[in-house]
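[1] Okay, predicted coordinates and the sequence, questions at the end:
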Amino acid sequence: MSDPNNAVVPAGFASPLERAAIVLLSMGEAPAAAVLRCLSREELLEVTQVMSRISGIKVESVKHSLQNFFDDYREQSGVHGASRSYLKRSLDLALGSDIANSVLNNIYGDAIRPKMARLQWASAKWLAERIGHEHVRMQTVFLAFLPPALAGDVVAALPVEGREVVLLNMARLSEIDRELLQELDELVDRCLESLGLQSASVEGMRQVAEILNRVPRDRARMVETLRAQDAAVMDEIERRMYDFFILSRQTEATLLRIIESVALDQWAVALKGAEPQLREVILRTMPRRQAQAFEDMIRRAGPVPRSRIEQTRQEIMAQVKALADSGEIEVQLFDEAVIE
């Protein structure tokens, strides 16, 4: 029996992200943790998701990944940049403390940025509550140092009447005086001290989707009952039940029917960045000529926005659900144990 969330990495098929995951898994917990601390939130989530799914790694895949890593390592010069403390001491002697601080702020984007980076793990609602009582200038500066995506979510969580004022002040922001930076530093320290006290997030919809996937006898009745209570919530739950990755566990007959219903250009978009296990299953099931045409299309295609990929996957899964609802196919929603 295989884990539904695991992805087998075929030899020679590992992507750069999978190679990174293999290297991290090979180096041990402490060194891997030191590397993970250097990643952005998005990078960390991507690589740890792959790490959690990888299983059955072939020896050739490990050798290939480690060889690439050491090849890249050997290309580095071995000369590393000076630390901030080294530059601070040198510039203090050369220019004086005030000018040195100004120069270093330009080089490093202010000393506050590393602290702010740690706040990317906090929820937007929690951060909005922390800065909601601060004056507009402080809210503006705080948001200016956050990653744009997180800053946007925090703004959305702020009271409606104050959002435009904050955005207007941010648009006019060019320089920040030392006193305000010091005040910001103190605010960030308070946030970091209480970061561990923020409430935990629970993916309730995903959990309900997983539960419904495992109760086939009563699923239809439960879905209709839930829909009668809240149709919008049930629509989102069903979308999560029909996650794109479940295609990797369907029978060949089911996949053939799905492939017939989905245009080739949709597959070319939807399989961008998909798990190798899923991509290999789809390609193996396609008729030979269609698979060759698909691979040619993939080679010609350039980068695709993540939003378009997600939208295309949702469109495909909507078609899959329609086929299942009409009785044309039987969809296996979770990886169930089988007996030979």
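    Here it is on my side, so go on.
[2] Can you give me the neighbour number for Asn68?
    The tally of other residues near Asn68 (other CB atoms under 10 Å) stands at 16. For glycine as for every other residue, the C-beta is placed from the backbone atoms N, C-alpha and C.
[3] Looks like it contacts Ile22 (just checking).
    No. The criterion here is CB atoms under 8 Å, and Asn68 misses it with Ile22 at 9.7 Å.
[4] excluding its backbone neighbours, what's nearest Met222?
    Leu212 (6.3 Å; CB to CB, 6 or more residues apart in numbering).
[5] so what's the one you found up against?
    Contacts for Leu212 (CB atoms under 8 Å, 6 or more residues apart in numbering) come out as 219, 222-223, 237, 241.
[6] What is the neighbour count of Leu226?
    Quick note: Leu226 (other CB under 10 Å) scores 16 neighbours.
[7] pLDDT score assigned to the closest residue to it other than its chain neighbours?
    For Leu226, ignoring the flanking residues on the chain, the nearest one in space by CB to CB, 6+ apart is Met234 at 4.8 Å. At Met234, the model reports a pLDDT of 81.
[8] Who are the packing partners of the strand or helix carrying Met234?
    Assessed by DSSP states H and E, Met234 sits inside helix 231-241. Contacts defined by 3 or more CB pairs under 8 Å, 6 or more residues apart in numbering; DSSP states H and E place helix 231-241 against helix 204-213, helix 219-229, helix 306-325.
[9] Centre of the chain to the second one, how far?
    Helix 219-229 has its C-alpha centroid displaced from the chain centroid by 31 Å (CA atoms, centre = their mean, to the nearest Å).
[10] Please point out which parts of that helix sit buried.
    For helix 219-229, the neighbour count (16 or more other CB atoms under 10 Å) marks Leu226 as buried.
[11] So what touches it?
    So helix 219-229 is contacted by 212-213, 215, 233-234, 237-238 (CB under 8 Å, 6+ apart).
[12] So among these, where is pLDDT lowest?
    Lowest pLDDT of those: Asn213, 67.
[13] what residue ranges in the protein score low on pLDDT?
    Counting by pLDDT under 70, the chain shows low-confidence ranges at 1-14, 73-88, 91, 94-95, 98-111, 178, 196-203, 213, 216, 334-340.
[14] which stretches of it form strands?
    Using DSSP state E, the strands of the chain run over 7-8, 54-55.
[15] show me where the stretch 101-250 of the chain has helices.
    Counting by DSSP state H, counting those that start in this stretch, residue ranges of the helices within the stretch 101-250 of the chain are 112-118, 124-131, 136-144, 148-157, 160-171, 178-194, 204-213, 219-229, 231-241.
[16] export the ones you listed to TSV and tack on distance to Arg89?
    As requested, the helices of the stretch 101-250 of the chain are exported to TSV (distance: least, CB to CB, whole Å):
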stretch	distance to Arg89
helix 112-118	19
helix 124-131	34
helix 136-144	28
helix 148-157	34
helix 160-171	34
helix 178-194	20
helix 204-213	51
helix 219-229	64
helix 231-241	54
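[17] Of these, which is nearest Leu264?
    With CB to CB as the measure, helix 231-241 is the member of the helices of the stretch 101-250 of the chain nearest Leu264 (23.7 Å).
[18] Off-centre distance for the closest one?
    Centroid separation for helix 231-241 versus its chain: 21 Å, with CA atoms, centre = their mean.
[19] do stretch 167-178 as well
    Remark: stretch 167-178 is offset 30 Å from the chain centroid, using CA atoms, centre = their mean.
[20] That stretch: which residues count as buried?
    Quick answer for stretch 167-178 (16+ other CB under 10 Å): 169-170, 176.
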